[in-house]
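K.L.:
Next comes the sequence, and after it the predicted model I'd like to discuss.
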Amino acid sequence: MAPISKKRRLNPNQPEEITFDLSSRADYLTGFHKRKLARKEHAREIAMKREKEEKVAERKAVREQRRKELEEHVAEFNRELRKQNVEVEGEEDGEEWAGVDESNEEGGEHTEGMVEDEYVDEDKFTTVTVEPMEMGGDDDHEDEAITLHAGGTKGDGNREAPKTATKQPWSKSKPADGKPKVKKKKFRYETKAERQATRNDQRKKSKAARARREKAKSSDSSSRR
């Protein structure tokens, strides 16, 4: 018998006996399909995990890009705003205050409460002055006094005496031309019951007319005989 080599003597994990397991051998021989499905499932899980990580990274990049674009837009807006503010301040500094126009105020106080218009025709000119009246206790007489100053022709220097006319009150029932306003008849759709009653009346009338015609024909034929 050959002597034991030095390598075998130094191996501390060397089993004392080797046994053959029949169940493990059967699992190995019959588990090819099972192990193949397990490898596919593992690969699918790894692919899903990788896809999820890629989506997260893509969304993060999109958010970062949008944030940068927003910052650039805000910075551009602030620059334009500062530029406009500088231009407005320069325009305000260049303008000088000219004070209040007293002539317009005096003229406004003088003509307050009075409106005067001039109407020019081919041969006449008319000046109409409208003066406001004080409000009285009776609301039915709320008219305005209109003073008509009628002048002569352009060729004549003489003017006629001023004429005063009173404006007539106007209402919807009594227009300015004096003719009463005709009230329009309001259109209304008939109800189902009204339509049924109308049809029944029409049928009755048609039946009565048919009976009269038949009666007239019968009487005519009897008279001929």
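P.N.:
Nice, I can see it.
K.L.:
Am I right that Pro15 falls within a strand?
P.N.:
No - using DSSP: H, G, I helix; E, B strand; the rest coil, the assignment for Pro15 is coil, not a strand.
K.L.:
Ser24 versus that one, what's the distance?
P.N.:
Using CB to CB, to the nearest Å, one obtains 16 Å as the distance from Pro15 to Ser24. Every residue, glycine included, has its C-beta placed from N, CA and C.
K.L.:
now swap in Lys36 and tell me
P.N.:
Using CB to CB, which is the criterion applied here, Lys36 is 19 Å from Ser24.
K.L.:
now swap in Leu37 and tell me
P.N.:
With CB to CB as the criterion, Leu37 and Ser24 are 20 Å apart.
K.L.:
With Lys181 instead?
P.N.:
If you measure Lys181 against Ser24 using CB to CB, the figure is 113 Å.
K.L.:
next one: Thr191
P.N.:
Between Thr191 and Ser24 the computed distance is 95 Å (CB to CB).
K.L.:
now swap in Glu80 and tell me
P.N.:
Glu80 sits at a distance of 79 Å from Ser24 (criterion: CB to CB).
K.L.:
same thing with Lys60?
P.N.:
Going from Lys60 to Ser24 by CB to CB gives 48 Å.
K.L.:
and what of Arg195?
P.N.:
Counting by CB to CB, the gap from Arg195 to Ser24 is 96 Å.
K.L.:
tell me which strands and helices the top helix by length along the chain is in contact with?
P.N.:
Of all the elements of type helix in the chain, the one with the most residues (DSSP state H) is helix 32-94. Counting contacts by 3 or more CB pairs under 8 Å, 6 or more residues apart in numbering; DSSP states H and E, helix 32-94 is packed against no other helix or strand.
K.L.:
For this structure, which helix or strand comes out least confident on mean pLDDT?
P.N.:
strand 145-153 (a mean of 46; mean pLDDT, DSSP states H and E).
K.L.:
ok, now how distant is Ala193 from Asn200?
P.N.:
Ala193 is 11 Å from Asn200, where distance means CB to CB.
K.L.:
residues making contact with stretch 186-195?
P.N.:
Thr198 (CB atoms under 8 Å, 6 or more residues apart in numbering).
K.L.:
repeat for stretch 73-87
P.N.:
Contact with stretch 73-87 is made by no outside residue, as judged by CB under 8 Å, 6+ apart.
K.L.:
Restrict it to CA atoms and write it as CSV.
P.N.:
Included here for stretch 73-87 are C-alpha records, laid out as CSV according to Å, rounded to 0.1, in the frame of the first residue of the first chain:
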residue,chain,number,x,y,z
HIS,A,73,-37.0,82.9,-16.8
VAL,A,74,-37.2,84.6,-13.4
ALA,A,75,-33.8,86.2,-13.8
GLU,A,76,-34.7,87.5,-17.3
PHE,A,77,-38.0,88.9,-16.0
ASN,A,78,-36.2,90.6,-13.1
ARG,A,79,-33.7,92.2,-15.6
GLU,A,80,-36.5,93.5,-17.8
LEU,A,81,-38.4,94.8,-14.8
ARG,A,82,-35.3,96.7,-13.5
LYS,A,83,-34.7,98.1,-17.0
GLN,A,84,-38.3,99.4,-17.2
ASN,A,85,-38.1,100.9,-13.7
VAL,A,86,-34.9,102.8,-14.7
GLU,A,87,-36.6,104.2,-17.8
